[in-house]
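Novice: Need a 3D model of the sequence below.
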Amino acid sequence: MKILHLTGVDPWTNLATEEYIFRHMGEEDCLLLWRNDKTIVVGLHQNALEEINTAFVEENGIKVVRRITGGGAVYHDMGNLNFSFITRAEDAARMTMERFTLPIARVLSSLGLQAEAGGRNDILAGGCKVSGNAQALFKKRFLHHGTLLFDADLSMLSKALLVKPEKFLSKSIKSVRARVANIKDMLPPGLNLDIHGLAERIALGLSQDGRAQELYLTDKDMAAIRSLRDDKYAAWEWNFGQSPPFNFKNMRKYPGGFLEVLLDVREGRLAGCRFFGDFMSLRPAEEAAERLLGLKYARSELEEALSPLPLEEYFGSVTRQELLDCIMGAEETNTAMI
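Specialist: All right, here's what the predicted structure looks like:
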């Protein structure tokens with residue numbers, strides 16, 4: 001097995017690199033070790049908007065990317081180490097979760113943690129989830145990847161993934177929230193280990209005789225990865241347009257009156273939009289709603305469409321920002337606590 005340490009922290013590039021090796025480098029069995037800066041990674045079959053706190057994500061510059069494996073949404077930051085096993089799969093029935101999670105758990109146990117493979121696809125330490133995992137099969141190639149919470153900002157994790165599921169009606173795969181903890185907080189006293197040290201321990205622990213061969217990418221490989229990044233992973237159509245159809249409902253009480261919005265979203269775009277409430281309108285709100293049909297369910301695009309309209313004639317003293325907050329499901333927060 002060869003090992004590749006990805007030094008960049010751009011999630012779109014890292015996931016493109018993983019997919020390229022998975023689909024196009026069929027002779028190599030390898031382990032990738034990588035990190036992303038502030039990112040939510042959603043599962044292949046999930047509604048991205050149903051998994052994220054949209055307003056918080058936008059305010060904090062958190063990227064959103066869809067992966068090619070199933071499972072639930074996870075939060076990555078620089079305190080999170082990710083690993084990807086990419087191997088040949090002559091017998092797919094033998095490619096169980098435990099085949100890949102147990103070696104990682106053994107490395108953690110060697111550091112003094114009480115680590116074990118547990119749940120459906122987790123690694124547990126001290127009864128808390130420190131790793132979530134997912135898998136994919138492509139022809140004779142197998143991908144198993146997972147996260148390791150080493151020193152992640154757990155408060156950002158909880159806020160970025162905080163949504164109210166009752167607002168959404170869809171058949172997407174929902175994330176299952178679990179009690180999580182950082183590996184760093186469980187290390188024995190006196191063990192001075194940072195996230196780079198953890199990566200080295202994993203690389204050595206999973207290599208033969210403690211020696212790891214490096215995997216090298218050619219200029220041709222890197223050019224293909226850049227194209228895959230730009231055309232797929234950084235594209236709105238992949239990250240949001242791939243979401244299954246869903247209906248969205250939100251209600252808010254503003255000084256200008258009660259406002260309710262009902263949305264029908266297909267391929268990430270508004271196929272239906274209706275407004276209700278006791279706001280003081282001079283013209284039917286349906287006229288404003290019609291302006292939004294066919295647009296991406298993205299705050300910036302909706303705001304641009306609403307900007308030329310005399311919104312006070314449609315929604316009274318409900319402001320543009322309040323209208324957008326209701327449409328996007330932004331939570332009411334105490335900003336002093338963020």
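Novice: Run through who's touching stretch 222-235.
Specialist: 10-13, 15-17, 19-20, 24, 65-66, 217, 238-239 (C-beta atoms under 8 Å, 6 or more residues apart in numbering). Bear in mind the C-beta positions are built from the backbone N, C-alpha and C, glycine included.
Novice: Sitting in strands, which of the residues you listed do you find?
Specialist: Counting by DSSP state E, these place 65-66 in strands.
Novice: From the contacts of stretch 222-235, which land in helices?
Specialist: If you go by DSSP state H, the contacts of stretch 222-235 have 11-13, 15-17, 19-20, 24, 238-239 in helices.
Novice: Provide a PyMOL selection command restricted to the buried entries of those.
Specialist: To isolate the buried members of the ones in helices among the contacts of stretch 222-235 in PyMOL, using 16 or more other C-beta atoms under 10 Å:
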select buried, resi 11+12+13+15+16+17+19+20+238+239
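Novice: Can you pull the poorly scored residue ranges out of the stretch 1-150 of the chain?
Specialist: 91-94 (pLDDT under 70).
Novice: Compute the distance between residue 297 and residue 148, please.
Specialist: Distance, residue 297 to residue 148, using C-beta to C-beta, to the nearest Å: 33 Å.
Novice: Residue 217 too?
Specialist: Using C-beta to C-beta, residue 217 is found at 23 Å from residue 148.
Novice: So these two - more neighbours on which side?
Specialist: residue 148 (26 against 15; other C-beta atoms under 10 Å).
Novice: SS state for the residue nearest to that one when sequence neighbours are not counted?
Specialist: The shortest distance from residue 148 to any non-neighbouring residue, by C-beta to C-beta, 6 or more residues apart in numbering, is to residue 81 (4.4 Å). Per DSSP: H, G, I helix; E, B strand; the rest coil, the local secondary structure of residue 81 is strand.
Novice: which residues sit in contact with the residue of the chain most remote from its centre?
Specialist: In the chain, residue 282 marks the outermost C-alpha relative to the chain mean, sitting 42.0 Å out by C-alpha atoms, centre = their mean. Neighbouring residues of residue 282 by C-beta under 8 Å, 6+ apart: 313-314.
Novice: and residue 55, that one's in a strand?
Specialist: No: if the criterion is three-state DSSP, then residue 55 is helix and not within a strand.
Novice: Cheers, nothing more for now.
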